[in-house]
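# give me the fold of what follows.
(one chain, ligands or ions: 1)
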Amino acid sequence: MDLQELRKRIDSLDNELLSLLNERMGYVKAVGELKRSQKTVIYRPEREKQILDRLGKLNDGLLSRSAIEAIFLEIFAVARNLELPERIAYLGPEGSFTHQAAESRFGGMSEYLVLPTIHSIFDAVETGRARFGVVPLENNQEGMVGETVDLLREKELHIAAEVLLSIHFGFASFNDSLTQIRRIYSKDIAFRQCSTFLREYFEDNRVELIPVESTSKAAKLAFTEPESAAICSHIAARLYGVPVLFDNIGNSDQNRTRFLIISKDFQNQKSQADKTTIIANLPNTNKPGVLFDFLKDFYDRGINLTKIESRPLRQGSSFRYWFFVEFEGHYEDGPVQEILKKYGSLMKVLGSYVRIS
Ligand SMILES: O=C(O)C(=O)C[C@]1(C(=O)O)C=C[C@@H](O)C=C1
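Numbers count the residues shown, from 1 in each chain. Presented below is the predicted three-dimensional model:
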């Protein structure tokens, strides 16, 4: 087949794809109308996962699983916008890893609200300025983002979904020679994650490490200030046009961050693989066995705990704690309900959502 013929066939398939996509959107619109009349939520991550799993199994062509996901996540994002345009708030500025996480789930077509702090994301979702918020929860090298965890306890919001993102840091600067660099901007967590690189290249401590709110703000500063550099994402360096001098400078190439999509709604149905997040306000944790008994309730029911993190209660000068707890399963599962009933109002369920591994 010559080029002309190949392109003719591609054109004809594209015509079919377009008409099929439009037909699909017709049904999506009808689903949207149903949901509006029943006052249920538009975003159904468990349904999207079901579609992706089914297509993944069905697929015997050239497309990889991640290619199918990329194409269909964009289709879902367009579909959701057709059902009801929903604004998504994320921790900015543009080019942050949170931006990347938001786009990976809500696509390039959604309307985004870029906000400067985690607190402001929670506020935007709480007041309805945004339907969803995307916030970092934990990094597999550094642990939890305290502000997110504490706000989850404080506010009446829920977790709709989680997103896992591989974090690759670059070293970006307009200065070709490292000796010209006097200041390096980044997030404090990123300095720690790139400590080996910093020690190796800036061992004499003649540079100042200046923490800022986000790695994309760091890229912006590296763009405007001479004698400076940024440790930031590729997407941020590209956004501000700062050349990346060294790539992948993190201590670990297994570096991943987990983000949460928060919303007011709490309606995810069960999928094949769910995770549930709860806040456990255990009574008097200074008494022997209180935490043990609580954990035993999970053990006895064969529920796999995936995380338990203590956080300060901040009550006077005492050292007392509450717990951020995650486990496999859905909050509607019988054994989970038994535990929730046993502890009553001491437990707050933040959400059950599709587990990403
Ligand atoms: O099935 C639904 O509930 C839909 O709204 C349709 C659809 C889709 O495009 O397939 C769109 C958005 C939801 O997040 C899940 C699936």
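# enumerate the residues of the chain near the ligand.
V28, V31, I42, Y43, R44, R47, E48, I51, F76, A79, R80, E83 (CB under 6 Å from any ligand atom). No exception for glycine: its C-beta is placed from N, CA and C like everyone else's.
# could you say which helix or strand holds the fourth one?
Here Y43 sits in a region with no helix or strand, counting by DSSP states H and E.
# mind listing what it touches?
Residues touching Y43, when contacts are defined by CB atoms under 8 Å, 6 or more residues apart in numbering, comprise R80, E86, R131, F132, A160, A161, S263.
# mind giving me the ChimeraX command for buried ones among these?
When burial is assessed using 16 or more other CB atoms under 10 Å, the buried subset of the contacts of Y43 is captured in ChimeraX by this command:
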select :80,86,131,132,160,161,263
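# the contacts of Y43 in helices, which ones?
Helix and strand membership here follows DSSP state H; of those, those in helices are R80.
# now the closest residue to the ligand within the chain: how far from E111?
Taking CB to the nearest ligand atom as the measure, the point where the chain comes nearest the ligand is A79, at 3.3 Å. A79 sits 15 Å away from E111 when distances are taken as CB to CB, to the nearest Å.
# can you add pLDDT and give the contacts of Y43 back as JSON lines?
Formatted as JSON lines, the entries for the contacts of Y43 read as follows, by pLDDT from 0 to 100:
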{"residue": "R80", "pLDDT": "92"}
{"residue": "E86", "pLDDT": "88"}
{"residue": "R131", "pLDDT": "94"}
{"residue": "F132", "pLDDT": "96"}
{"residue": "A160", "pLDDT": "96"}
{"residue": "A161", "pLDDT": "96"}
{"residue": "S263", "pLDDT": "96"}
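# let me know the closest of the contacts of Y43 to G95.
For G95, the closest of these turns out to be F132, at 19.4 Å, with distances computed as CB to CB.
# so which residue is smack in the middle of this structure?
For the chain, F259 is the residue whose C-alpha lies nearest the centre (CA atoms, centre = their mean; 2.3 Å).
# residues contacting that one?
Listed by CB under 8 Å, 6+ apart, the contact partners of F259 are T98, A101, A102, V134, V135, P136, L137, E162, V163, L164, L165.
# which element follows the one helix or strand the fourth one maps to toward the C-terminus?
Pointing back at V134 there. Taking DSSP H and E as the definition, one finds V134 inside strand 132-139. Helices and strands here follow DSSP H and E; after strand 132-139, the next one along the chain is strand 143-144.
# what is that following strand packed up against?
Using 3 or more CB pairs under 8 Å, 6 or more residues apart in numbering; DSSP states H and E as the contact definition, strand 143-144 packs against no other helix or strand.
# strands paired with that strand, and their directions?
Looking at strand 143-144 with DSSP bridges, its paired strands and their directions are strand 132-139 (antiparallel).
# the partner strand: how far from the chain's middle?
Going by CA atoms, centre = their mean, to the nearest Å, the spacing between the C-alpha centre of strand 132-139 and its chain's C-alpha centre is 5 Å.
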